[in-house]
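Student: make a model of this:
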Amino acid sequence: MRFYSYAQEYEDLALYLALRDIKKIFYIDVGANDPTYLSVTKFFYLGGGNGINIEPLRDKCGQLQAERTRDINLCVGIGAKEGEKELVCSGTGSTFSMETIRNGEFEKCPRHKKKIFTLTQIYEQYCKEKQEVHFCKIDVEGFEKEVLEGCNFHIFRPWIFVIEAMKPGTSIPSYKEWEDILLKNGYVLGYDKGINRYYVDERKEYLLDKFREIDQFIEENEVIKMEMVWK
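Tutor: Alright, predicted model coming up:
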């Protein structure tokens, strides 16, 4: 069979293998950026799924509004508590993380104040009561801990979290800064591949075995990586 992967490191195929028994996927994408290029959710949107895209860059959020008409598209930030923070805009490297800003070359980058909400607030405001979130992708350039600190896991409990687990622009792991938040709240590591780590709700433990099929799946099927097509 032929499959198209829009994500950077086959994240969409890994999630597809874990969730392929679900007819209609619902997702929340924190740091969604482009609606197509390197998108983890494009594959599922084309398959009839929908969800919430959270992207503080106004131009990218505008593109999401135009192309993802079934999705809810929010031009805000996500953090540990409601408020306002300065966003440093540097393409796909835009961030609210002061540590990332201090360690990067952001002196001449534009800065904008953005509204900040928690993931729990977003879920309660925009999702139906007891809405199943099949996966939540988090790619926030060093702001992962703050995003997870804003989760009330009794209310907001995705089946799977897929989180970028490297310090921005490096191959240095960063997951030890925030992983304990998930482990203490009943999530287990299901898959560790490239720059991402996938955590599964322990109540969905049957999903763990499905992640192990990804390499064999790519070998046995025709997988067109759209990133290479665009290049």
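
Student: let's verify the residue most central in space within the chain: helix, strand, or coil?
Tutor: Nearest to the geometric centre of the chain sits Lys137, at 1.8 Å (Cα atoms, centre = their mean). Secondary structure assignment for Lys137 (DSSP: H, G, I helix; E, B strand; the rest coil): strand.

Student: pairing partners for it in the sheet, please.
Tutor: Asp29, Val162 (DSSP bridges).

Student: do you know how far it is from Met166?
Tutor: Going from Lys137 to Met166 by Cβ to Cβ, to the nearest Å gives 15 Å. Quick note: C-beta positions are derived from backbone N, CA and C, even for glycine.

Student: and if you look at Glu84?
Tutor: Counting by Cβ to Cβ, the separation of Glu84 from Met166 is 28 Å.

Student: next one: Gly83
Tutor: Distance of Gly83 to Met166, given as Cβ to Cβ: 27 Å.

Student: compare those two (neighbour count), which wins?
Tutor: Neighbour count, other Cβ atoms under 10 Å: between Gly83 and Met166, Met166 has more, with 16 against 12.

Student: which residue, neighbours along the chain excluded, lies closest to that one?
Tutor: Nearest residue to Met166, sequence neighbours excluded (Cβ to Cβ, 6 or more residues apart in numbering): Ile195, at 4.7 Å.

Student: any idea of the pLDDT on the nearest residue to Lys23 once chain neighbours are set aside?
Tutor: Of all residues not flanking Lys23 in the chain, Gly48 sits nearest, at 7.8 Å (Cβ to Cβ, 6+ apart). Looking at Gly48, its pLDDT stands at 97.

Student: what's the helix or strand for Gly48?
Tutor: Using DSSP states H and E, Gly48 sits within no helix or strand.

Student: Ile116 - that's part of a helix, no?
Tutor: No: if the criterion is three-state DSSP, then Ile116 is strand and not within a helix.

Student: list the contacts for it?
Tutor: 76-79, 81-85, 96 (Cβ atoms under 8 Å, 6 or more residues apart in numbering).

Student: what about Lys130, is that helix, strand or coil?
Tutor: coil.

Student: what's the pLDDT at it?
Tutor: So, for Lys130, pLDDT stands at 87.

Student: what of Pro168?
Tutor: Note for Pro168: predicted pLDDT of 82.

Student: so it sits against Thr95, correct?
Tutor: Yes: counting by Cβ atoms under 8 Å, Pro168 does reach Thr95; the two are 7.0 Å apart.

Student: look up how far Arg58 lies from the residue lying closest to Cys89 once chain neighbours are set aside.
Tutor: Using Cβ to Cβ, 6+ apart and skipping residues adjacent in sequence, the residue nearest Cys89 is Pro110, 4.5 Å away. Distance check for Pro110 against Arg58: by Cβ to Cβ, it reads 11 Å.
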